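**Student:** Have a look at this prediction, sequence included:
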Amino acid sequence: GDSVTQTEGLVTLTKGLPVMLNCTYQTTYSPFLFWYVQHLNEAPKLLLKSSTDNKRTEHQGFYATLHKSSSSFHLQKSSVQLSDSALYFCAYDSGYNKLTFGKGTVLLVSP
Amino acid sequence: GPKVLQIPSHQIIDMGQMVTLNCDPVSNHLYFYWYKQILGQQMEFLVNFYNGKVMEKSKLFKDQFSVERPDGSYFTLKIQPTALEDSAVYFCASSLGGGRTETLYFGSGTRLTVL
């Protein structure tokens, strides 16, 4: 069935280092992929979205490229900041905003 | 940016009781959603709602669940009666349109504990 798999658990990094959070998906639909970010005690917020194959999409220093050939939509940033510490969810839309989410990855950035 | 408010943030009830979770969506939005997240697991789609009707529901949306938005006010999720497995964080979301390019705006969730 349809599913999303992402880097699980906790990723810890020192400020200024690059990060890549993996996301792969399985779906029978034309894929529309999202990254959501949730800071502590806040609502999940849309970070990035894409349905275009091999086109990089960027927002707030984060970027991701949908690769249909490998069913991937990895999230990257070249230099993480303390404020990037949060829970990150990869998701795809199978229609009418019925999102299928991954389990989430906690990114913890230390000074 | 636009905000979705969920009230209360935590609720504790005894098994078998009824509970209503309230959501104040973004004011001009037309599509509404509930998602459920059990501790340690991913957020899962429960139901979407438009023009006074449920458009689609998942297998998690049991017969004991119902949703409504009376008179354009709060969008509510009612569980009657509750069961232990209903313990989870429930996220409300809204969007202006229903297409795949629309952005969903989520609330911070209501943590429901059923004892």
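**Tutor:** Happy to help now that I have it. Small disclaimer: the values here were computed from a predicted structure and weren't measured.
**Student:** Any idea what B:Phe45 is bridged to?
**Tutor:** B:Tyr35 (DSSP bridges).
**Student:** Model confidence for it, exactly?
**Tutor:** pLDDT, the model's per-residue confidence, is 94 for B:Phe45.
**Student:** isn't it right next to B:Tyr35, touching?
**Tutor:** Yes. Using C-beta atoms under 8 Å, B:Phe45 makes contact with B:Tyr35 at a distance of 5.8 Å. No exception for glycine: its C-beta is placed from N, CA and C like everyone else's.
**Student:** more neighbours, the two?
**Tutor:** Higher neighbour count among B:Phe45 and B:Tyr35: B:Tyr35, with 27 against 23, using other C-beta atoms under 10 Å in any protein chain shown.
**Student:** Surely the more buried one touches B:Ser94?
**Tutor:** No. Under the criterion of C-beta under 8 Å, B:Tyr35 makes no contact with B:Ser94, lying 11.9 Å away.
**Student:** what touches both of B:Phe45 and B:Tyr35?
**Tutor:** A:Leu99 (C-beta atoms under 8 Å, 6 or more residues apart in numbering or on different chains).
**Student:** for the residue lying closest to A:Thr52 once chain neighbours are set aside, helix, strand, or coil?
**Tutor:** Once flanking residues are discounted, A:Thr52 sits nearest to A:Leu66: 6.4 Å by C-beta to C-beta, 6 or more residues apart in numbering or on different chains. With DSSP: H, G, I helix; E, B strand; the rest coil as the basis, A:Leu66 sits in strand.
**Student:** ok, A:Leu66 - contacts?
**Tutor:** Going by C-beta under 8 Å, 6+ apart, the list of residues near A:Leu66 reads A:Pro31, A:Leu33, A:Ser50, A:Ser51, A:Thr52, A:Asp53, A:Asn54, A:Lys55, A:Thr57, A:Ser72, A:Phe73.
**Student:** For the last one, what are phi and psi?
**Tutor:** Recorded main-chain torsions at A:Phe73 are phi -150, psi 70, according to degrees, to the nearest 10.
**Student:** re earlier: filter the contacts of A:Leu66 to the buried ones?
**Tutor:** Neighbour counting by 16 or more other C-beta atoms under 10 Å in any protein chain shown classes A:Pro31, A:Leu33, A:Ser50, A:Ser51, A:Thr57, A:Ser72, A:Phe73 among the contacts of A:Leu66 as buried.
**Student:** Could you report the neighbour count for the closest residue to the fourth one other than its chain neighbours?
**Tutor:** Looking back up the chat, that one is A:Ser51. Closest residue to A:Ser51 apart from its sequence neighbours, by C-beta to C-beta, 6+ apart: A:Phe32 at 4.3 Å. When counting by other C-beta under 10 Å, one arrives at 22 neighbours for A:Phe32.
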